[in-house]
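Compute the structure for the input listed below.
(2 chains)
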2 protein chains.
Amino acid sequence: MQFYEDLVVGSSDRFGAYPVTREEVIAFASKYDPQPFHLDDAAAAQTHFGRLSASGWHTCAMVMAMLVERHRKHDHQGLGSPGVDDLRWLHPVYPGDTLSVEVELLEKRRSATKPDRGIFRSATRVFNQHGVVVMSMTSRAMVRTRDPEGRD
Amino acid sequence: MQFYEDLVVGSSDRFGAYPVTREEVIAFASKYDPQPFHLDDAAAAQTHFGRLSASGWHTCAMVMAMLVERHRKHDHQGLGSPGVDDLRWLHPVYPGDTLSVEVELLEKRRSATKPDRGIFRSATRVFNQHGVVVMSMTSRAMVRTRDPEGRD
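This is a model prediction of the structure:
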């Protein structure tokens, strides 16, 4: 099981291979982001996207799926996230792309008020199969401490 | 049609009534965020969430659905978003909640290099049916100009 104490500041990890399918792009966009350029090639061709591309929120969701899969492998004792900073959609995500993720642990600290948990901040970059960074963000997340009496 | 020129800095708008269902919470989490507290009441009861709650990314997606519906009513000439700042999940979103959105237009400017578009920044707050702010963010978005030769 991966607790707060097991997280190493400065470490980074690259993982994931999420295939972006046309069906899933259209299904997500139809429900949550039905802007024409996320639904239809002809409409997308009239914008800077050029062709059908995934909703940015869909990209976030696909990234989360890869992160949770990684956490499950480590039996990571996560407790959710208070939020994300500097979320940037840098390049369109197209059907046929395969996404991967690089996460670098920037810092961690124990909760001042809740000794059962710590908080860490990490930088996430999302790549397509050409090595182009399609999205980046800095996120915060909470994780259980193995030893609530511990000191860093 | 709503173009760049029609956006009024300082204006705000409240809208939406998105019913959060248990089925949708579990469906989204199963695919994109299968952490136990987003899938199962018993697992959630052991965390600060207390009971089953929606993935933060699902909340973002539901908010986007309300924003796009609003944009469609205005025939808003949107061109996508470069990103979001200060995304915060402030309070759990539970099945049975009904979400609404308040958007305030903070600033706008014409693109320095692409006269067919402008960019605006807005503050979004998301409420549940009790008036509790469950999420907030500051987002940027692009929109077509009616008159590419125009000056503000």
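
Quick check: residues of chain A near chain B?
Proximity of chain A to chain B (Cβ under 8 Å from any Cβ of the partner chain) is limited to residues A:28, A:31-35, A:37, A:47-49, A:55-58, A:60-62, A:64-65, A:68, A:71-72, A:78-90. C-beta: built from backbone N, CA, C; applies to glycine.

Cross those against strands and list the overlap.
A:83, A:84, A:85, A:86, A:87, A:88, A:89 (DSSP state E).

I'd like to know how far the closest residue to residue A:93 other than its chain neighbours sits from residue B:101.
The spatially closest residue to residue A:93, leaving aside those adjacent along the chain, is residue A:54, at 4.2 Å (Cβ to Cβ, 6 or more residues apart in numbering or on different chains). Using Cβ to Cβ, to the nearest Å, we find residue A:54 at a distance of 22 Å from residue B:101.

Which of these two has more residues huddled nearby?
Set residue A:54 next to residue B:101 and count neighbours by other Cβ atoms under 10 Å in any protein chain shown: residue A:54 wins out with 29 against 23.

What are the boundaries of the helices in chain A?
Secondary structure of chain A (DSSP state H): helices at A:22-32, A:41-45, A:56-73.

Now tell me which helix or strand of chain A has the poorest mean pLDDT.
helix A:41-45 (a mean of 92; mean pLDDT, DSSP states H and E).

Other residues contacting it?
Under the criterion Cβ atoms under 8 Å, 6 or more residues apart in numbering or on different chains, residues A:36, A:37, A:38, A:50, A:51, A:52, A:53 lie in contact with helix A:41-45.

Just list the residues touching the first one, thanks.
Right, the one you point to is residue A:36. By Cβ under 8 Å, 6+ apart, residue A:36 lies in contact with A:43, A:44.

what's the distance between the most centrally placed residue in chain A and residue B:57?
Residue closest to the average C-alpha location in chain A (Cα atoms, centre = their mean): residue A:63, at 3.7 Å. Computed as Cβ to Cβ, the residue A:63 to residue B:57 distance reads 9 Å.

Tell me how far the residue nearest to residue A:60 when sequence neighbours are not counted lies from residue A:58.
Leaving aside its chain neighbours, residue A:60 sits nearest to residue B:57 (5.2 Å; criterion: Cβ to Cβ, 6+ apart). Counting by Cβ to Cβ, the gap from residue B:57 to residue A:58 is 9 Å.

This completes my enquiry, with thanks.
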